[in-house]
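Visitor: sharing a model prediction with you, sequence too.
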Amino acid sequence: MRRAIGAAHFLRGGIGSQLLFGLVLGISLSATYAVWHNARQQAEQKLQTDFDFRVRETVARIEQRMATYEQVLRGARGLFAASAQVERDEFRNYVAMLQLEQHYPGIQGLGYSIIVPKADRDRHVKAMRGQGFSGYSIRPEGEREIYTSIVQLEPFKGRNLRAFGYDMYAEPVRRAAMMQARDLGRSSVSGKVTLVQETDQQVQAGFLMYLPVYRNGLPHGTQAERRANIVGWVYEPFRMDDLMAGIGGERAAELDFEIYNGETVSEQAKMFDSHGTPDHGYTQIPRFKTIRHIRIADHPWTLAIHSQPAFERHVNKGKPKFIATVGIALSLLLSLLAWLLATDRTRALAIAEDMTRELKESEMRFRLMADSAPVLIWMAGTDKRCFWFNKGWLDFTGRTMEQEIGDGWAQVVHVDDLQRCIDCYVGHFNRREPFRMEYRIRRHDGKYRWIADAGIPRFDDDGNFIGYIGSGIDITEHKQAEEALLRANAELTRFAEISAHHLMEPARRFTIYTQRLRQRLMALHEDQEINADLDTLEGDADHLRGLVRDIQLYLAAGEPHGILRLEDANEALAAVEQRLSSRLTDLDASITAEKLPQAMLDRPRMMDLFAVVLDNALRYGRPVDADSRLLIHISGERDGALSRYRISDNGAGIPAKYCRRVFEIFERLEQGSKEGSGIGLSIARRIVESRNGSIWIENAPQGGTMVVFELPDGK
């Protein structure tokens, strides 16, 4: 009879209960999906950040390596400039001291190629054969107005013997780079070539770097003078695979990067592939990829970088998977409970026994699922005392449930973390708020491990608070990596600060003793060339001091130099204008300023911020019309909880494609310029970003450049 009554009630309430079941299930699954999707996005974003960092690190390593090799060429040119004639033994000893194979991987050698006019070719060949090179000749054969010949190339053995006497000027790609180096008077890199040193085995793409050598004592300030007075080139041949060896560091297998000659990606232009041949076992499209354009000695290279399976495996899939599993299970449980509660009292009485059994089974399933989850789960009641821990927690600590319940779990918490852990737990518990904290607990083997523990308050159907449920994961390796990175960054910053401090005094003495040397030499003999050389030395010394000073400012820009409070920007600007007054007079420039708002920034860095931006405007904001005065205007306003400032000039402006690059350290729009250190706007960006602000460049109303930066109030 009871079953018949329950069946009748079930038929009457079936449609409504099914609708409620579907609604609750849909809402629960939607919430589960949202949480799962958010966890997955966080994991992806973390990996994306790591990928971007690795890309920047790889690009920086390539640029730094090539800059170092360019300095080797400059040293070789200095050898020729310091001697009327560099003998073969002198050149060999010089290159041997460099130890190219140990310190400069990828360089096939360091060579010298001279210009041989057509009329002097036979005499040159005869002279070289007279030095003991009986088989010497200029290759390739043929009649040309101008010949060049590689007469010195060290180490003079192995592959390099094949290049002796080779006329690089006869080959179009090499000739273009040699002509550019000659006309501009600086380093030049060729396009993709096959070196004459290559054999039939393991052929690699190559390129060459040239630096012109001019006749000693003759001018080469203009293009015409450089063409008239060039005698040859010092150069370095490179094999790409050898050059890029080790560039990826210890985690090189996680990224694949390819280098292409020029600004396009094509198989013909490919110069290097870090993985050589494709991984045919990996058919998926890379999750992360990017294209970067760099310039080596003003020659464009394109880098195509994408992630490998080893890198993508770093993504944390455990947390999203656990959220999905628990969410689906809880959604089904909530939907079932909603369906059961939708039936009337008679139906509830009829199925009370079944429901009790199902609830017990659900609890068993939940505990089974919780015990199988790869996290440490705990539950606490309204009295703040824990009454249950999953198997993962007990296995991790090696303790029993009886030892852990109540406040027993605190016995495995590290003594240095215990009070902070309890304060966080009790404070959030009293406010019924979710929390997340990190602390160390003792593992079953006696070692302490870092745990990231997240607690969530629990409420019953009537909204009554019934306790907390929490889960923790082992983040020890992550913490160790963070600490190692912080130590490395601190050591690097400290090294840079000490280096800059110790460089400042030699730079100052460099200036002083150059001035003393000028006085003594000019007292003995007034020589315009000596005076010009001393001007160059003194200018370089002043430039070096400015560079060291700007490096010190850059290193200090990220931390406050005093009390962090709302600072009067007008007073800070006035002090900077006073400091620049003589310079403004010399440049016939003027600064006008409106009433500026206060900003949450310490006074010294506020002055540094205005100083570097104004210095940049004075250096590069000169009007196109030489008869016009440089006018700088400063304005600002409050916008909610932040202060915004604008510093504009009436100069020529900056092309849009460079508006972000100028904030990178050592970036200049004019390559080779010695004006400024190339750090100024980087200091400004570092100060602003240390306050979670933003800085960018816009076109000024009067056609020049306008630097805009925002500083939020929050501490």
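Guide: Sure thing, it's come through.

Visitor: where do the helices sit along the stretch 451-600 of the chain?
Guide: Counting by DSSP state H, counting those that start in this stretch, one finds helices in the stretch 451-600 of the chain at the ranges 476-524, 528-556, 569-579, 581-587.

Visitor: buried residues in the last one?
Guide: Looking back up the chat, that one is helix 581-587. By neighbour count with 16 or more other C-beta atoms under 10 Å, helix 581-587 contains the buried residues Leu584. (C-beta placed from N, C-alpha, C; glycine too.)

Visitor: which neighbouring elements make contact with it?
Guide: helix 603-620 (3 or more C-beta pairs under 8 Å, 6 or more residues apart in numbering; DSSP states H and E).

Visitor: average pLDDT for the helix it packs on, rounded please.
Guide: Mean per-residue pLDDT for helix 603-620: 89.

Visitor: likewise stretch 565-580?
Guide: 92.

Visitor: repeat for stretch 626-641
Guide: 90.

Visitor: tell me how far it lies from the chain's centre.
Guide: 32 Å (C-alpha atoms, centre = their mean, to the nearest Å).

Visitor: contacts for it?
Guide: For stretch 626-641, contacts defined as C-beta atoms under 8 Å, 6 or more residues apart in numbering pick out 569, 573, 587-594, 596-597, 614, 617-618, 621-623, 643-651, 702, 710, 712-714.

Visitor: which of the residues you listed are buried?
Guide: Of these, these count as buried by 16+ other C-beta under 10 Å: 569, 573, 589, 591, 593, 596-597, 614, 617-618, 621-623, 643-651, 710, 712.

Visitor: the stretch 201-350 of the chain: helices as residue ranges?
Guide: Under DSSP H, counting those that start in this stretch, the stretch 201-350 of the chain gives helices at 223-229, 240-243, 309-312, 318-342, 345-372.

Visitor: what is the second one packed up against?
Guide: On a contact count with 3+ C-beta pairs under 8 Å, 6+ apart, helix 240-243 meets strand 270-273.

Visitor: centre of the chain versus the strand it packs on, how much separation?
Guide: The answer for strand 270-273 is 23 Å, by C-alpha atoms, centre = their mean.

Visitor: quick one: low-confidence residue ranges for the stretch 51-200 of the chain.
Guide: Along the stretch 51-200 of the chain, segments meeting pLDDT under 70 are nowhere present.

Visitor: ok, which stretches of it are strands?
Guide: Taking DSSP state E, counting those that start in this stretch, the strands of the stretch 51-200 of the chain run over residues 110-117, 146-154, 188-189.

Visitor: and the residue nearest to Val173 when sequence neighbours are not counted, what does it touch?
Guide: In this structure, Val173 finds its nearest non-sequential neighbour in Gly191, 4.7 Å apart by C-beta to C-beta, 6 or more residues apart in numbering. Gly191 makes contact with 173, 176-177, 207, 261-262, 299, according to C-beta under 8 Å, 6+ apart.

Visitor: Glu637 and Arg646, how far apart?
Guide: Distance from Glu637 to Arg646, counting by C-beta to C-beta, to the nearest Å: 9 Å.

Visitor: now the contacts of Gly191 as JSON lines including distance to Leu255 and neighbour count?
Guide: Shown next, in JSON lines, are the contacts of Gly191 (distance: C-beta to C-beta, whole Å; neighbours: other C-beta atoms under 10 Å):
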{"residue": "Val173", "distance to Leu255": "29", "neighbour count": "16"}
{"residue": "Ala176", "distance to Leu255": "32", "neighbour count": "13"}
{"residue": "Ala177", "distance to Leu255": "29", "neighbour count": "24"}
{"residue": "Phe207", "distance to Leu255": "22", "neighbour count": "24"}
{"residue": "Asn261", "distance to Leu255": "21", "neighbour count": "24"}
{"residue": "Gly262", "distance to Leu255": "22", "neighbour count": "16"}
{"residue": "His299", "distance to Leu255": "24", "neighbour count": "19"}
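
Visitor: okay, and the helix or strand of the protein with the least pLDDT?
Guide: In the chain, no helix or strand scores lower on mean pLDDT, DSSP states H and E than helix 345-372, which sits at a mean of 57.

Visitor: mind giving me the packing neighbours of the helix or strand just after that helix?
Guide: Following helix 345-372 in sequence order, the next helix or strand is strand 376-380 (DSSP states H and E). Here strand 376-380 touches strand 386-389, helix 391-397, strand 448-459, strand 465-474, going by 3+ C-beta pairs under 8 Å, 6+ apart.

Visitor: name the residues of the following helix or strand past the second one that are buried.
Guide: Pointing back at helix 391-397 there. Downstream of helix 391-397, the first helix or strand assigned by DSSP H and E is helix 401-404. Within helix 401-404, the residues scored as buried using 16+ other C-beta under 10 Å are Glu404.

Visitor: can I get helix 401-404 as PDB, trimmed to CA atoms?
Guide: Only the C-alpha atoms of helix 401-404 are listed here, as PDB (Å, rounded to 0.1, in the frame of the first residue of the first chain):
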ATOM      1  CA  MET A 401      43.000  10.100  11.900                       C
ATOM      2  CA  GLU A 402      42.900  10.100  15.700                       C
ATOM      3  CA  GLN A 403      46.200  11.900  15.900                       C
ATOM      4  CA  GLU A 404      45.100  14.600  13.400                       C
END
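
Visitor: so Ile62 is in contact with Arg295, correct?
Guide: No - here Ile62 lies out of contact with Arg295, judged by C-beta atoms under 8 Å, at a distance of 11.2 Å.

Visitor: please identify which of these two sits among more neighbours.
Guide: Ile62 (20 against 13; other C-beta atoms under 10 Å).

Visitor: follow-up on the earlier one: tell me which of the helices and strands packed on strand 376-380 sits nearest to Tyr425.
Guide: Tyr425 sits nearest to strand 448-459 of all the helices and strands packed on strand 376-380, at 7.2 Å, using C-beta to C-beta.

Visitor: quick one: strands adjacent to the closest one?
Guide: Neighbouring strands of strand 448-459 in its sheet, by DSSP bridges, are strand 435-442 (antiparallel), strand 465-474 (antiparallel).

Visitor: let's have those strands in CSV, adding distance to Lys270.
Guide: Compiled in CSV, the strands paired with strand 448-459 are given as follows (distance: least, C-beta to C-beta, whole Å):
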stretch, distance to Lys270
strand 435-442, 46
strand 465-474, 43
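
Visitor: mean pLDDT, distance to Ala84 and mean neighbour count added to those, as CSV?
Guide: Shown next, in CSV, are the strands paired with strand 448-459 (pLDDT from 0 to 100; distance: least, C-beta to C-beta, whole Å; neighbours: other C-beta atoms under 10 Å):
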stretch, mean pLDDT, distance to Ala84, mean neighbour count
strand 435-442, 92, 70, 18
strand 465-474, 90, 71, 18
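
Visitor: closest one to Leu681 among those?
Guide: Using C-beta to C-beta and comparing those, the one that lies nearest Leu681 is strand 435-442, at 37.3 Å.

Visitor: contacts for the closest one next, please.
Guide: Contacts of strand 435-442 (C-beta under 8 Å, 6+ apart): 396-397, 412-414, 416-418, 420-421, 424-425, 428, 448-455, 475, 479.

Visitor: ok, stretch 572-588 next?
Guide: Residues contacting stretch 572-588 (C-beta under 8 Å, 6+ apart): 590-591, 593, 596, 603, 606-607, 610-611, 614-615, 618, 629-630, 634.

Visitor: which pair in these spans the largest distance?
Guide: So for the contacts of stretch 572-588, where distance means C-beta to C-beta, the most widely separated pair is Arg603 and Arg629, at 30.5 Å.
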